[in-house]
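[1] kindly generate the corresponding structure for this input.
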Amino acid sequence: MPDFVGAVDQGTTSTRFMIFDHGGNVVAIHQLEHEQILPRAGWVEHNPVEIWERTRAVIETALVAAHLTAADLAALGITNQRETTVVWNRRTGRPYYNAIVWQDTRTDRIAAALDRDGRGDVIRQKAGLPPATYFSGGKIQWILENVEGVREDAERGEAIFGNTDTWLLWNLTGGVDGGVHVTDVTNASRTMLMNLETFDWDEELLGFFGIPRAMLPRIRPSSDPNLYGVTLRTGPLGGEVPLSGDLGDQQAATVGQVCFSPGEAKNTYGTGNFLLLNTGTELVRSRHGLLTTVCYKFGDQPAVYALEGSIAVTGSAVQWLRDQLGIISGAAESESLARQVEDNGGIYFVPAFSGLFAPYWRSDARGVIVGLSRYNNNAHLARATLESICYQTRDVVEAMEADSGVRLDVLKVDGGVTANELCMQLQADILGVPVSKPVVAETTALGAAYAAGLAVGFWKSADDMRANWQEAKRWLPTWDEARRDEAYAGWKKAVERTLNWVEVES
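    Predicted coordinates for the structure are as follows:
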């Protein structure tokens, strides 16, 4: 068997290709950003063709850099930004519209209508999700209603939908010349269209959004010994490689952090924050604003569920400091700037740019900076931005403990923001529990590689993957309980100021 497994990690701001060995070590990596298209307030789009071109480029560059070919890869896995919606023509391969990104809020009218007339309760029961702009179903409906010709083509079976995993799988396996139209259970569980008990598209839910079933991909396991397909010799890998793993990015990070036992949790710090708690084969319904979702399904084994707390804006708040305000030149500078002050100077920043996600689910919220005085400077804002990442995580942890009864002993962390030492220390201080980072911090790609490799026997079992996990660093809390409680009370006051800011269209 070849010595390596590859993984495409198609994220919100960039696409990367990583190659891993049997020990879960990184052999090669290449990454490219893509354009963030912001047509109007609340709208966020990507160009699907650009994403495919970036995917081709990162695969080719990483292979060349590592002096490897397709023959050196035992399997290929894909992980992706979930909920981001692509609709394209299966005959021409051309998207009808830009990808509508998970952060986009244009479907607030659709979400509000679902909750008003009781259909929202059906969605919660069947799909485990609240009606929200976050998920794919409303985005598909918007495209069907607002882009000329899509409804007619969808009825004929020519217009098809996928999250970015499906778009890439289709292109990697031939596109218009026989590309496979599939997704996995984790991505399907983020649409508001899949029944969590049957793992199939639900006719009643499809009817709520007016979506023809013919648009939708086939739902497969996250790790599939039967394979989704193989890559083309004419494609970016230059040869045939089994495509056998597919996971939404946060589920992939959960697998990469080897959270295979009920009660194990991880938090990924990327564009947003996503905390997942493995609940085993039991479907646990949240009473405190979390999502019930599929964690993973390996082959014929029973599906494993999770509770998830999804936070829309964390790492992208740091990006906002760089791109919109221009007070830092790069993400690393947020730490050095924030270290210039002892505390936040009394200010709180709640980056509710896309409304508030878990545990609030308020699409009427918008970002605020509160507590400003003449004393405050850009360093205080940088520190408040890092603190906002940590306070939002505490909101989710408290909801998770209320739902599950599980008190976290340690928080496993991964993702780009974990390179910020100050932010991770603040996270330990604000939570009051140790924070642990693994040697391979980019566990999203690793999880996709694990799913793909497990399917073809590259890794034999979960124990093989557990043996690879190693801690790189641990941060211990330094704040006392009184300081922690006072600071968190200020955060909760700041959150209240974000609410009822915009009118949600009825």
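[2] okay, stretch 164-180 in CSV with CA atoms only?
    Only the C-alpha atoms of stretch 164-180 are listed here, as CSV (Å, rounded to 0.1, in the frame of the first residue of the first chain):
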residue,chain,number,x,y,z
THR,A,164,-18.4,22.7,-1.4
ASP,A,165,-17.5,19.0,-0.7
THR,A,166,-20.0,17.9,-3.3
TRP,A,167,-18.8,20.5,-5.8
LEU,A,168,-15.2,19.3,-5.5
LEU,A,169,-16.1,15.6,-5.5
TRP,A,170,-18.0,16.2,-8.7
ASN,A,171,-15.2,18.0,-10.4
LEU,A,172,-12.5,15.6,-9.2
THR,A,173,-14.3,12.6,-10.6
GLY,A,174,-15.0,14.0,-14.0
GLY,A,175,-17.5,16.9,-13.8
VAL,A,176,-19.7,17.0,-16.9
ASP,A,177,-18.1,13.7,-17.9
GLY,A,178,-19.6,11.4,-15.3
GLY,A,179,-18.7,13.3,-12.0
VAL,A,180,-20.3,11.7,-8.9
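[3] give the buried residues for that stretch.
    164-175, 179-180 (16 or more other CB atoms under 10 Å). C-beta: built from backbone N, CA, C; applies to glycine.
[4] same thing with stretch 68-81?
    68, 70, 72-81.
[5] and the helices in the stretch 151-300 of the chain, which stretches?
    164-172, 185-188, 203-209, 249-256 (DSSP state H, counting those that start in this stretch).
[6] closest one to residue 469 among those?
    helix 249-256 (8.9 Å; CB to CB).
[7] how far out from the middle of the chain is the closest one?
    Computed by CA atoms, centre = their mean, to the nearest Å, the chain-centroid distance of helix 249-256 equals 9 Å.
[8] in strands only, show me the buried residues of stretch 68-81.
    Counting by DSSP state E, these place 73-80 in strands.
[9] which one of those residues is nearest residue 37?
    residue 80 (17.9 Å).
[10] that closest one pairs with what?
    Note on residue 80: beta-bridge partners by DSSP bridges are residue 10, residue 248.
[11] pretty sure it is touching residue 169, no?
    No - if you go by CB atoms under 8 Å, residue 80 and residue 169 don't touch, sitting 9.6 Å apart.
[12] what's the longest helix in this structure?
    helix 378-404 (DSSP state H).
[13] elements contacting it?
    Packing partners of helix 378-404 (3 or more CB pairs under 8 Å, 6 or more residues apart in numbering; DSSP states H and E): strand 265-269, strand 273-280, strand 304-311, helix 315-320, helix 331-338, strand 348-350, helix 421-431, helix 481-496.
[14] who wins for proximity to residue 43 among the ones you listed?
    Comparing those by CB to CB, helix 315-320 comes nearest, at 14.9 Å.
[15] need the contact partners of that closest one.
    Contacts to helix 315-320, defined as CB atoms under 8 Å, 6 or more residues apart in numbering, come from residues 12-13, 103, 269-273, 313, 328, 331, 334, 349, 351, 353, 385-386, 388-389, 415-417.
[16] from residue 316, how far off is residue 353?
    According to CB to CB, to the nearest Å, residue 353 stands 8 Å off from residue 316.
[17] find residues that contact each of those two.
    In contact with both residue 353 and residue 316: residue 103, using CB under 8 Å, 6+ apart.
[18] which element is the residue nearest to residue 376 when sequence neighbours are not counted on?
    The spatial neighbour of residue 376 that comes closest, neighbours along the chain excluded (CB to CB, 6 or more residues apart in numbering), is residue 345 at 4.9 Å. Assigned by DSSP states H and E, residue 345 belongs to no helix or strand.
[19] test my guess that residue 345 contacts residue 374.
    No - Residue 345 lies out of contact with residue 374 (CB under 8 Å); the separation is 10.7 Å.
[20] quick one, which of those two is more surrounded?
    residue 345 (17 against 5; other CB atoms under 10 Å).
[21] ok, residue 52 - contacts?
    167-168, 171.
[22] could you rerun that using 6 Å?
    residue 171 (CB atoms under 6 Å, 6 or more residues apart in numbering).
[23] check residue 461 too.
    No contacts exist for residue 461 under CB under 6 Å, 6+ apart.
[24] average pLDDT across the helix or strand containing residue 86?
    If you go by DSSP H and E, residue 86 is part of strand 86-89. The average pLDDT within strand 86-89 is 98.
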